[in-house]
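> Sequence first, then the predicted structure, then my questions.
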Amino acid sequence: MPAPRPVARLQARLAPEHRLLFGSAVPGFTAPAALLAAITPAGWGTLRYTAEREKAVIALSRVLAGAERGTVPADAAPLRQLAMVMEFRMHHLRQRLGQSVRALHEAGIPVLLLKGAAVAAWYHRSFAARPMLDLDLLVPAAQAPQAYDVLCGTGWMVPAAEDTVQLPAGGIHHLPALHDATGVAVNLEVHTDVIPPGHPFAFGASDLWRDARPVDDVLGETLGADLVGARIPSALHMALHACIHLAWQHMLRTGTWRTAGDLRVITADPAFSWSAFVALAHEARAASCCYWALRLVEGLAAVPVPATVLAALEPPPPAGVPRAAMRSVNALVERHLLAILIPGGTDCPSVRLRRLAWEWALRPNTSGHKGSRPWLVEHDVDVPDLAALSQGATLQGADATTATYGMPARARWREFARYARAVFGASRPSAS
């Protein structure tokens, strides 16, 4: 198969702090002294915010520990401190996972690990290698209330705002998150499906259950003794879920760093097949989601994706639009995505423009999605990153179709100018 395109194609357009961030997602990456020197004090602050949001502080700390002596400035010290805290949380979370799975197994409730928990347990055998703050566990919908009660008996607490837990007649995505009673800032979500109701995909919990793999068959008695009875999605379903989660549920705005790490190990699994994945993506009406998710992780973090796979997943041009013109617009959309996908970076000051760019990229009308849109299913999916905008910016209008940024006119124009430089300008975007 053809070799993947060089990672510099996208990394060159990032600010130094974000090049360091995505470099840390590449195995064997060593931070060049020139790159560390190019990061300003404000850039280190931005990197700390971004790394916390992307759960990248441990990986970044290890990269900095391996840098040439004397090249890491004092501004990077908070990242090391955050990494120590995160490592403690991950050790604690792994213990809580074992306790939770054991309790569910003893109660006769089937459980399937989702997202980060699945990747950490199956591929890394370490939560520090794939940090998260939430455990996502899928259980049969009919047993979800019982699972909730069982977990509350193992040290998880119902949020104070939730007096009772009921399943709506139409089904749900997951029950309210449970908090750790010890006070450690980690949560657990009991899922009955993998995507919120109202989504347009031919993909769901029944597919995962059908092809799931037992955890203890692979991890053995030593590493998986407390995970007996738990199951993991197939490699194909894990990859598909990761792409849909990034492109549709997160609207290609957050989670790219950790999705890159997940897809790197999943697609290297001997059980994974690119040809089977392409067929599954089309069958699930998720080809456009997979195209953009893979295009970004390949270009930003050097995840090996064959060019033939991207070509097979690329959405067709709209009627009457030449393919060459479509690809020119796609390049512009890609620059838009680079501007907004990093927390704390450059956000788009227009909700309407951001949604139009997303619709051009995902082509929902020609992908079989009909009227389904993520902001109509989850109303908090399109909340702006106010940390990336001028001080004093607020969100006005909670309605999914009318939400706008509230800020003084001069500040609004300043943000549009910064966004336009990031998308149309020759210089790379910078949050610092």
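Alright, I've got the coordinates. Numbering: from 1, shown residues only.
> worst-scoring helix or strand of this structure, pLDDT-wise?
strand 394-396 (a mean of 41; mean pLDDT, DSSP states H and E).
> Helices along the stretch 201-350 of the chain, start to end?
Along the stretch 201-350 of the chain, the segments classed as helices by DSSP state H, counting those that start in this stretch run 205-211, 215-224, 235-244, 256-267, 274-283, 287-301, 307-313, 323-340.
> out of the ones you listed, nearest to T40?
Among the helices of the stretch 201-350 of the chain, the nearest to T40 by Cβ to Cβ is helix 323-340 (18.7 Å). (Glycine included, C-beta is placed from N, CA and C.)
> what does the closest one rub up against?
Helix 323-340 is contacted by residues 10, 13-14, 252-253, 292, 295-296, 299, 317-318, 345-348, 354, 357, 360-361, 385, 419, 422-424, 429 when judged by Cβ atoms under 8 Å, 6 or more residues apart in numbering.
> That one: how far from the chain's middle?
21 Å (Cα atoms, centre = their mean, to the nearest Å).
> and if you look at stretch 54-66?
Going by Cα atoms, centre = their mean, where stretch 54-66 is centred and where its chain is centred differ by 17 Å.
> Buried ones in it, by neighbour count?
Burial within stretch 54-66, assessed by neighbour count using 16 or more other Cβ atoms under 10 Å, is assigned to E54, K55, A56, V57, I58, A59, L60, S61, V63, L64.
> Kindly reformat those as a markdown table and extend each row with pLDDT and distance to A38.
As requested, the buried residues of stretch 54-66 are exported to a markdown table (pLDDT from 0 to 100; distance: Cβ to Cβ, whole Å):
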| residue | pLDDT | distance to A38 |
| --- | --- | --- |
| E54 | 93 | 20 |
| K55 | 94 | 24 |
| A56 | 96 | 19 |
| V57 | 96 | 20 |
| I58 | 97 | 23 |
| A59 | 96 | 20 |
| L60 | 96 | 16 |
| S61 | 96 | 19 |
| V63 | 96 | 15 |
| L64 | 96 | 15 |
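> Can you tell me which of these is closest to L47?
L47 has its nearest neighbour among the buried residues of stretch 54-66 in L60, at 7.5 Å by Cβ to Cβ.
> Surely that closest one is in contact with S24?
Yes. Applying Cβ atoms under 8 Å as the test, L60 and S24 come out as touching, 4.9 Å apart.
> Which one, of the helices of the stretch 201-350 of the chain, ends up nearest to A117?
For A117, the closest of the helices of the stretch 201-350 of the chain is helix 215-224, at 10.1 Å, according to Cβ to Cβ.
> what's the spacing between stretch 271-280 and its chain's center?
For stretch 271-280 - counting by Cα atoms, centre = their mean - the centre lies 21 Å from the chain centre.
> neighbouring contacts of it?
By Cβ under 8 Å, 6+ apart, stretch 271-280 touches 1, 234-236, 239-240, 266-267, 287, 290, 306, 309, 312-313.
> in the chain, which spans are strands?
111-113, 134-138, 156-157, 178-180, 187-191, 213-214, 230-232, 394-396, 404-406 (DSSP state E).
> now these in CSV, with mean neighbour count?
Supplementary listing: the strands of the chain in CSV, determined by neighbours: other Cβ atoms under 10 Å:
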stretch, mean neighbour count
strand 111-113, 24
strand 134-138, 23
strand 156-157, 20
strand 178-180, 20
strand 187-191, 22
strand 213-214, 14
strand 230-232, 24
strand 394-396, 12
strand 404-406, 15
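> Among those, show the one with the smallest mean pLDDT.
Least confident of the strands of the chain, judged by mean pLDDT, is strand 394-396 with a mean of 41.
> For V265, which non-adjacent residue is closest in space?
Y123 (4.2 Å; Cβ to Cβ, 6 or more residues apart in numbering).
> close enough to count as contact, that neighbour and P270?
No. The criterion here is Cβ under 8 Å, and Y123 misses it with P270 at 11.9 Å.
> ok so, going back, tell me which of the strands of the chain lies nearest to Y148.
strand 187-191 (5.6 Å).
> by contact count, what packs against the closest one?
Contact partners of strand 187-191 among helices and strands, from 3 or more Cβ pairs under 8 Å, 6 or more residues apart in numbering; DSSP states H and E: strand 134-138, helix 144-152, strand 178-180.
> Any idea which of these gets closest to P159?
Evaluated over the helices and strands packed on strand 187-191, closeness to P159 peaks at strand 178-180, with 6.3 Å, by Cβ to Cβ.
> contacting residues around the closest one?
Residues outside strand 178-180 that contact it (Cβ under 8 Å, 6+ apart): 92, 96, 148, 151-152, 155-159, 186-190.
> quick one: the closest residue to D134 other than its chain neighbours and V139, what's the gap?
Nearest non-adjacent residue to D134, counting by Cβ to Cβ, 6+ apart: N187, 4.7 Å away. In this view, N187 and V139 are 16 Å apart by Cβ to Cβ, to the nearest Å.
> got it, and P73?
47 Å.
> the more surrounded of these two?
V139 (24 against 14; other Cβ atoms under 10 Å).
> tell me the contacts of the closest residue to the more buried one other than its chain neighbours?
Sequence neighbours aside, A147 is the residue nearest to V139 in space, at 4.5 Å (criterion: Cβ to Cβ, 6+ apart). A147 sits next to L104, A107, I109, V111, L137, V139, V190 when contact means Cβ under 8 Å, 6+ apart.
> V139 against L104, yeah?
Yes. Assessed by Cβ under 8 Å, V139 is found in contact with L104 at 7.1 Å.
> residues bridging contact with those two, i.e. touching both?
Residues touching both V139 and L104 by Cβ under 8 Å, 6+ apart: P110, V111, A147.
> And the pLDDT at the last one?
On the pLDDT scale, A147 is placed at 96.
> Kindly report the same for the first one.
Listed pLDDT for P110 reads 97.
> Could you give the number of residues near the closest residue to it other than its chain neighbours?
Take P110 and drop its neighbours on the chain: the residue closest to it by Cβ to Cβ, 6+ apart is P140, 6.1 Å away. Neighbourhood size, P140 [other Cβ under 10 Å]: 15.
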